[in-house]
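# show me the folded form of this:
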Amino acid sequence: MYKRLSIAAAALFLATACNQDPTATASNELVLAQDAQVIAQDVASTTHTTCERWIGRLLDTLRTTDDPEALAFLQQARDWRDSARVDFAAGDRDAARNDLKLSFRALLSAVIEIYPNAPERTGAAVDQAIDRIETFLGDRDAPRIRAILAHVQDLRTQADAALAAGDSVTALALNARGIQILHRLVEHVRDRHSDHDEVADQEMENVES
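A predicted model of the protein is given here:
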């Protein structure tokens with residue numbers, strides 16, 4: 001009788017151990033990522049610091065404010081985007097991607113012309129989102145989420161260095177990238193993106209001006 005109970009207990013232990021496999025751990029982390037993403041989206045919504053929000057505010061302002069430099073940057077952005085379409089149609093994807101990057105930087109230049117503190121405000125929003133997500137995670141096991149947070153923190157360090165060097169466009173681009181990555185945290189965790197930056201940049205560069 002005792003032997004049968006021991007065998008049954010061992011079987012139950014083995015079944016429990018099998019249920020705690022990497023797939024289950026990954027599933028648990030995905031649930032955490034969903035909640036963490038909501039936190040990031042809440043910060044982005046309340047601070048109005050996503051790429052889309054900055055561009056929307058820029059366009060709204062330019063409807064009533066005549067700022068020649070901002071308008072010139074905006075035209076540059078549209079010209080680069082037109083060039084990207086031509087390159088893409090010709091099959092030159094590398095040139096098209098480069099044109100889109102230049103278009104995006106021109107767009108950010110227009111944002112900064114109207115809102116000079118955009119890099120600092122966006123950086124502060126990224127810091128707030130990271131702090132809130134880390135507090136939410138506590139000591140729970142979430143290696144992929146923590147790796148992404150570490151990467152975004154590195155982007156913040158690069159952004160601060162760029163701002164200190166007088167390159168506000170690069171600073172805003174890096175901070176906006178950080179917000180975008182956190183804004184899509186579930187996708188980055190679930191799909192195991194090898195290049196978070198490239199995914200975020202492509203999403204932002206597709207925003208029409």
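
# grab the longest helix from this structure for me.
Longest helix of the chain, by residue count under DSSP state H: helix 22-47.

# buried set for the next helix or strand after that one?
Using DSSP states H and E, the helix or strand that directly follows helix 22-47 along the chain is helix 51-62. Along helix 51-62, these residues count as buried under the neighbour rule (16 or more other C-beta atoms under 10 Å): Cys51, Arg53, Trp54, Ile55, Leu58, Leu62. Heads up, the C-betas are built off the backbone N, CA and C, glycines and all.

# verify the stated contact: the fourth one with Val111.
Think Ile55. Yes - here Ile55 reaches Val111: they are 6.9 Å apart, a contact under C-beta atoms under 8 Å.

# quick one: mean pLDDT over the host helix or strand of Gly178.
According to DSSP H and E, Gly178 maps onto helix 168-183. Across helix 168-183, the average pLDDT comes to 96.

# now the closest residue to Thr65 other than its chain neighbours: how far from Ala173?
Nearest non-adjacent residue to Thr65, counting by C-beta to C-beta, 6 or more residues apart in numbering: Ile114, 7.5 Å away. The gap separating Ile114 from Ala173 is 16 Å, by C-beta to C-beta, to the nearest Å.

# among the two, which residue is more densely surrounded?
When neighbours are counted by other C-beta atoms under 10 Å, Ala173 comes out ahead of the other of Ile114 and Ala173, with 25 against 19.

# which ones are touching that one?
Applying C-beta atoms under 8 Å, 6 or more residues apart in numbering, we find Ala173 in contact with Phe104, Arg105, Leu108.

# report the buried members of the residues you listed.
Buried, going by 16+ other C-beta under 10 Å: Phe104, Arg105, Leu108, out of these.
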